[in-house]
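Trainee: Please find the sequence and the predicted model below.
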Amino acid sequence: MDTRTQLLKTWANSLAQAALGGALTGDPAKPLRLRSIEVVRGPRAGALEIDAGMDAGALLNTLSRNEHALHRQFVPWQFTGDPSVYMTGRYVRLEAGWPDDMAEKNITLKSLGQHPHDGGRWIAGKNEVGATVTLSLSDTIPHYLFGGFTGSGKTWAMRSAIAQLARDDDNRFVLCDGKYGDGLACLQGIAGLVGPLACTIEDTRAALSWSMAEMRRRYETNDKTGRVIVVIDEVQEFTQDDAVAEMLRRLTAQGRGARVHVLVGTQNPLQRTFNDPSIKRNLTGRLALRTDSFEASKVVVGSATPRADHLLGAGDSYAITPSAQHRVQVAYIAESELDAQHGAGPEFETWPDYDPEAAGTLPENVGANTFTISPIEAAVSLLAAHLGKGQPTVKRMIEDATGSRPGGSRADRIRDYGREALTWLQNEGWILCDEPCETWA
């Protein structure tokens, strides 16, 4: 048994004894009964996943008090960063970062095996059980948000994804960089580039205008051969421009059916970053790296937990899709590997002129997400978000109000609508009163 596994077992045993003896509640007559504890030896952090049955809520509340002060007392090593406690499925999950001398920070792409054969997939990194995590561009996950502040590894994660996707000759790329090329300039020689790297608002307008025209062509001709992948790093530098924001909104809303995909990166993942909240809502895949605040974490993760602001930087991340969530150490792609992919030139030496009509080239409903929400559902979703409730409560509340119970997928979308609305209200300074909500708790 290695040192990390021994430490995790020590942690699990001491916590189990404290729960059974009443030490966590402060009352020997009120023990917390834990059904099982699984130890998770991740690359950057150790974790416990605890099945506490009906005592899960009490255990979570106890270990969450005072910035997890009680939780911290049980971790048997000098942890890095801040520990976390949150629910994942039916388990209470505890995480604490390994010290530097025990952490796996430098996981190379080569060490994780061959690039996936499907040209819409790429290796993201290594998860907590040592498995390779692969992400993909698909009908269900057409677009991705990469979020994390300076030092999180966000730009390297985007470079790795693009370099891998460029190995498929059917993929074409539109690259825009809000850091004047500091992030994506090293990719200017990869195969499949449509035009030069766009680093200014003017060039980005032109690049997105071409992308809009290509999306329209694909719908009109039904020629959807290959993918067009629009990549925008530090998107907040461009969405201040209304034309850029509108074209980005349409690309994320309508691109899926035309096989036009969008990868967006930002070190400032706040609501105002996107200009229009529907942009973020349509970025259904997420790679959440370390953020500098809880508010930024909620935006990039899409919910209050897990906490991206508790990640450890340098590639420590949560890979989140509608069907799965992994804590991942992002695989590092060496600059020499990037250089080896150079040699190709873009199709256009300069971007075609920006077409002011580009933002209106498609009817609003072509390829769009057709999700609509009734006033009652909107009210329920906001109330559920305010109470911190999930899909089962949303279903029950809507059934109580209308007599009809929504399906799981629709309930998920109604829940997400309320969470985004609540975040917006909080960012605008609104405070919702608890008093009228007591009957729903």
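Mentor: All right, it came through fine.

Trainee: residues touching the closest residue to Thr225 other than its chain neighbours, list them.
Mentor: Closest residue in space to Thr225, ignoring its immediate chain neighbours: Asp170 at 7.1 Å, by C-beta to C-beta, 6 or more residues apart in numbering. The C-beta positions use only the backbone N, C-alpha and C, and glycine is treated the same way. Counting by C-beta atoms under 8 Å, 6 or more residues apart in numbering, Asp170 touches Gly119, Thr225, Gly226, Arg227.

Trainee: neighbours of the closest residue to the first one other than its chain neighbours, just the number please.
Mentor: Read it as Gly119. Leaving aside its sequence neighbours, Gly119 sits nearest to Asp168 (C-beta to C-beta, 6+ apart; 2.7 Å). The tally of other residues near Asp168 (other C-beta atoms under 10 Å) stands at 19.

Trainee: cool, Ser404 as well?
Mentor: Neighbours of Ser404 (other C-beta under 10 Å): 7.

Trainee: Would you confirm that it contacts Arg410?
Mentor: No. The pair Ser404 / Arg410 is not scored as a contact, 10.7 Å apart, by C-beta atoms under 8 Å.

Trainee: can you pull the contacts of the residue minimising distance to the centre of the chain?
Mentor: Closest residue to the average C-alpha location of the chain: Arg286 at 2.4 Å, with C-alpha atoms, centre = their mean. The contact partners of Arg286, by C-beta under 8 Å, 6+ apart, come to Tyr144, Leu145, Gly147, Val300, Val301, Gly302, Tyr318, Ala319, Ile320, Thr321.

Trainee: That one is in what secondary structure piece?
Mentor: Using DSSP states H and E, Arg286 sits within strand 285-289.

Trainee: Partner strands of that strand and their direction?
Mentor: Looking at strand 285-289 with DSSP bridges, its partner strands are strand 143-147 (parallel), strand 316-321 (antiparallel).

Trainee: Give me the contact list for whatever helix or strand comes next after that strand.
Mentor: With elements assigned by DSSP H and E, the helix or strand that comes after strand 285-289 is helix 294-301. By C-beta under 8 Å, 6+ apart, the surrounding residues in contact with helix 294-301 are 145, 147-149, 268-271, 273, 280, 286, 288, 291, 304, 307-309, 318, 320, 423, 427.

Trainee: ok, back up a step: out of the contacts of Asp170, what pair is the most spread apart?
Mentor: Greatest spatial distance in those: Gly119 and Thr225, 12.0 Å, computed using C-beta to C-beta.

Trainee: Return the set of residues that bridge with the residue nearest to the centre of the chain.
Mentor: According to DSSP bridges, beta-bridge pairing links Arg286 with Leu145, Ile320.

Trainee: heads up, I number from 51, so please use that
Mentor: In the new numbering, first residue 51, that becomes Arg336.

Trainee: and it, what pLDDT?
Mentor: In this prediction, Arg336 carries a pLDDT score of 97.

Trainee: How about Arg267?
Mentor: For Arg267, the pLDDT comes out at 94.

Trainee: you'd agree it is in a strand?
Mentor: No. Counting by DSSP: H, G, I helix; E, B strand; the rest coil, Arg267 is not found in a strand; it is helix.

Trainee: Counting neighbours, what do you get for the closest residue to it other than its chain neighbours?
Mentor: Nearest residue to Arg267, sequence neighbours excluded (C-beta to C-beta, 6+ apart): Asp273, at 7.4 Å. By the criterion of other C-beta under 10 Å, Asp273 has 10 neighbours.

Trainee: Sticking with Asp273, tell me its helix or strand.
Mentor: Applying DSSP H and E, one finds Asp273 in no helix or strand.

Trainee: which phi and psi does it have?
Mentor: When read as degrees, to the nearest 10, the backbone of Asp273 gives phi -100, psi 100.

Trainee: if you count residues, which strand in this structure comes out on top?
Mentor: Secondary structure assigned by DSSP state E gives strand 130-138 as the longest strand of the chain.

Trainee: what helices or strands is that strand leaning on?
Mentor: Using 3 or more C-beta pairs under 8 Å, 6 or more residues apart in numbering; DSSP states H and E as the contact test, the elements touching strand 130-138 are helix 106-124, strand 141-147.

Trainee: what mean pLDDT does the last one have?
Mentor: Looking back up the chat, that one is strand 141-147. Here strand 141-147 scores 95 as its mean pLDDT.
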